[in-house]
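In: okay, sequence plus prediction incoming.
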Amino acid sequence: MILAPHNAEVRELNEEILQLLEGEPQQFLSADRVILEEGADPADEEPVPIEVLRAIEDPGSAPGELNLKVGCPVILLRNLDPTRGLCNGTRLVITRMGGRVLEARVLGGEHDGDVVMIPRIAIPPSTSTTTHSFMFMRIQFPLRLAFALSINKAQGQSVRYVGINLRSSVFSHGQLYVALLRATCSRNIKVLLADEEPLTANVVYDEVLI
């Protein structure tokens, strides 16, 4: 698992590593529509272009353009079936792809190795994280690539080998601590620092510890 503090770095790493796998990626485009609030949105308001909606990347939401290959790891973004281990944060590897359903194998946990089906679902926006003046609904597979994960998203995960990209420093309390605890053995942790300054900050809020 590769970890990084910022979502932009995670997306860049995931797309770069995906290109290293054999074959061409299959792209799955979301179906997005603006949610009009009765009495609040003028009927003659200009519609938001589909390209604009698809380019929106809210934290925790599925991407508008999802590029996948068989064999790539992904992380589930919604609770689909907790009894079968399909919870928000579950890691899987893609084994087969269809237009409406993806087949995947669960990685880790008590359901390790189970083969499951992931459908497209309606994903409403998070009212707490959206920065847009309108609300919209996205229909997409609730997945993101998981060659790399944000440190926050990796909480609770445990893997054998961890690489931590700290060319940009952590920015919130406890992030570095969380990243360093993801590996089952300290010898299996590698940290990448910036060439010009091979140091990183450890953000700690003293008031949290009091």
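Out: Okay, I see it. Because the structure is predicted, anything quoted here is derived from the model rather than measured. Numbers count the residues shown, from 1 in each chain.
In: only C-alpha atoms from now on, for both contacts and neighbour counts.
Out: Noted.
In: from Ser169, how far off is Leu193?
Out: 9 Å (CA to CA, to the nearest Å).
In: I should have written Lys190 there, sorry.
Out: Distance, Lys190 to Ser169, by CA to CA: 15 Å.
In: who has more neighbours out of the two?
Out: Using other CA atoms under 10 Å, the more surrounded residue of Lys190 and Ser169 is Ser169, with 19 against 14.
In: which stretches of this protein have low pLDDT?
Out: Residue ranges of the chain with pLDDT under 70: 37-46, 126-133, 208-210.
In: excluding chain neighbours, what is closest to Ala104?
Out: Nearest residue to Ala104, sequence neighbours excluded (CA to CA, 6 or more residues apart in numbering): Ile94, at 4.4 Å.
In: Asn165 against His6, yeah?
Out: No: judged on CA atoms under 8 Å, Asn165 makes no contact with His6 at a distance of 9.7 Å.
In: for those two, indicate the residue with more neighbours.
Out: Comparing Asn165 with His6 by other CA under 10 Å, the one with more neighbours is Asn165, at 25 against 18.
In: residues in contact with the more buried one?
Out: Asn165 makes contact with Ile2, Leu3, Ala4, Pro5, Val191, Leu192, Leu193, according to CA atoms under 8 Å, 6 or more residues apart in numbering.
In: what's the first helix or strand after the helix or strand harbouring it?
Out: Element membership for Asn165, per DSSP states H and E: strand 162-166. Sequence-wise, the next helix or strand downstream of strand 162-166 (DSSP H and E) is helix 175-180.
In: buried sites along that following helix?
Out: Buried residues in helix 175-180, counted by 16 or more other CA atoms under 10 Å: Gln175, Leu176, Ala179, Leu180.
In: how far off strand 162-166 does the helix or strand following that helix point, in degrees?
Out: Downstream of helix 175-180, the next assigned helix or strand under DSSP H and E is strand 189-193. Using axes from the mean of the first three to the mean of the last three CA atoms, to 10 degrees, the direction of strand 189-193 lies 20 degrees away from that of strand 162-166.
In: what pairs with strand 189-193, parallel or antiparallel?
Out: Sheet partners assigned to strand 189-193 using DSSP bridges are listed as strand 162-166 (parallel).
In: now the angle from the lengthiest helix in the chain to strand 162-166?
Out: As assigned by DSSP state H, the longest helix anywhere in the chain is helix 7-20. Interaxial angle, helix 7-20 versus strand 162-166 (the same axes, to 10 degrees): 130 degrees.
In: and helix 7-20, what does it pack against?
Out: strand 148-150 (3 or more CA pairs under 8 Å, 6 or more residues apart in numbering; DSSP states H and E).
In: show me what the strand it packs on is packed against.
Out: Packed next to strand 148-150, using 3+ CA pairs under 8 Å, 6+ apart, are strand 2-4, helix 7-20.
In: ok, now how distant is the residue nearest in space to the middle of the chain from Glu103?
Out: When CA atoms, centre = their mean is applied to the chain, the residue found nearest the centroid is Arg144 (4.4 Å). Distance of Arg144 to Glu103, computed by CA to CA: 15 Å.
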